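Asks: predicted model, plus sequence, below.
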Amino acid sequence: IDAVGRHRGAGMGGGNDEREQTLNQILVEMDGFDSDTNIVIVAATNRPDILDPALLRPRRFDRKVVVYRPDKRGREEILLVHTRGKPIGPDVDLSVIAAQTPGMVGADLENLVNESAILAARRNKRTIGMDEMVESIERVMAGPARRSRVLSEEDRKVVAYHESGHAIVMERLQHADMVGKITIVSRGQALGYVMPLPEEERSLKSRAEYEDELAGLLGGRAAEEIIFDEPSTGAANDLERVTRLAKAMVTRFGMSDIIGPMQLQQGDSNPFMGMEFGEQRAYSEDVARTIDQEVRRIVEHAYARSKQILVDNRDKLNIIAETL
């Protein structure tokens, strides 16, 4: 507003009185437009939770439009826009690509199409094929393949069993996502990964679905312990996600029978980084101790399920790991 005031003031001679009058006019119009005004104020934010309440008072912004991430149909329509004018091969099925890209927004999908075009050009192909589209999904999600990163024979064996453990546990659980791909080719910071392939997008998740997700995340560490009798550092990211998810089940989603239907997690968030500074404890030490016990119980139960599944399917674990 100050910049607009200076600009308009300069155009009218640059007087201080005129600039002040212009600023006052804009502020008045923020409280409700008159029928004869032609000024419209539009604002956008990714963090509506940190806006000043004064901006959200009635008659400041008359209409609020919430833009969600696109669903499968929306992603397919976005892909149609970004592939328009590009040499797409006859084998490309955009509905399949849309199904394999849950959570991606328009910018991600545009990047995906551009990456696939680059891959096709590097391979001296005149059209973009399904192989390029699928590989570009991995490049966008996990980064380019780092084939120059050579692992020792022992490390490759550990990574192969780790990823095989994830895949088998996920495949055996009713509520876990389907397995789309298993690889031990390094991408980004990951030495290997299992690409999930959700059958459908869900807005709500049940306790059973969270429990299966935890078991799937722990499948890699369980496989290492079964085969090598000790875990490696490869499960560090899995353990971080498991701990965070189990704690959310107890303190945010009320999925603990002992704690009950209560939300106990409260924290101050960083308005710039979107990160939590620290947790405001609104409960006693006894409740905190109970939360820790419940988180441990949930994680241990999920780990026991993973381990039992892999023990029962050890022959398949060996076959998949050796194939990788």
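Replies: It's in. Everything numeric here is computed off the predicted structure, so don't read it as measured data.
Asks: so, low pLDDT: which residues of the stretch 151-300 of the chain?
Replies: Applying pLDDT under 70 to the stretch 151-300 of the chain picks out residues 199, 265-281.
Asks: so where do the strands sit in it?
Replies: Using DSSP state E, counting those that start in this stretch, the strands of the stretch 151-300 of the chain run over 178-183, 193-197, 267-269, 276-279.
Asks: tell me the phi and psi of the most centrally placed residue in the chain?
Replies: Residue closest to the average C-alpha location in the chain (C-alpha atoms, centre = their mean): G103, at 6.5 Å. Phi and psi for G103, reported as degrees, to the nearest 10, are phi 90, psi -20.
Asks: list the contacts of it.
Replies: By C-beta atoms under 8 Å, 6 or more residues apart in numbering, the contact set of G103 is R69. (C-beta placed from N, C-alpha, C; glycine too.)
Asks: distance of it relative to E201?
Replies: Note on G103: its distance to E201, by C-beta to C-beta, to the nearest Å, is 9 Å.
Asks: same question for V96.
Replies: The gap separating V96 from E201 is 15 Å, by C-beta to C-beta.
Asks: who's in contact with the residue nearest to M178 when sequence neighbours are not counted?
Replies: Nearest non-adjacent residue to M178, counting by C-beta to C-beta, 6 or more residues apart in numbering: L197, 4.5 Å away. Counting by C-beta under 8 Å, 6+ apart, L197 touches 99-100, 177-180.
Asks: one more pass at 10 Å, please.
Replies: 99-100, 102, 170, 177-181 (C-beta atoms under 10 Å, 6 or more residues apart in numbering).
Asks: over to F61?
Replies: F61 makes contact with 30, 41-43, 51, 55, according to C-beta under 10 Å, 6+ apart.
Asks: about what we covered before: give me the common contacts of G103 and E201.
Replies: Common contact partners of G103 and E201 (C-beta under 10 Å, 6+ apart): 69, 75.
Asks: hmm, V140 is touching T101, no?
Replies: Yes: shown here, V140 and T101 form a contact pair, counting by C-beta atoms under 10 Å, at 8.2 Å.
Asks: overlap in contacts of those two?
Replies: Shared contacts of V140 and T101, defined by C-beta under 10 Å, 6+ apart, are found at 108-109, 112.
Asks: closest to E76 among those residues?
Replies: Comparing the shared contacts of V140 and T101 against E76 with C-beta to C-beta places L109 closest, at 9.5 Å.
Asks: that closest one touches R69, doesn't it?
Replies: No: here L109 does not reach R69: they are 11.0 Å apart, not a contact under C-beta under 10 Å.
Asks: in stretch 170-178, what counts as buried?
Replies: Buried residues in stretch 170-178, counting neighbours by 16 or more other C-beta atoms under 10 Å, are found at 170-173, 176-177.
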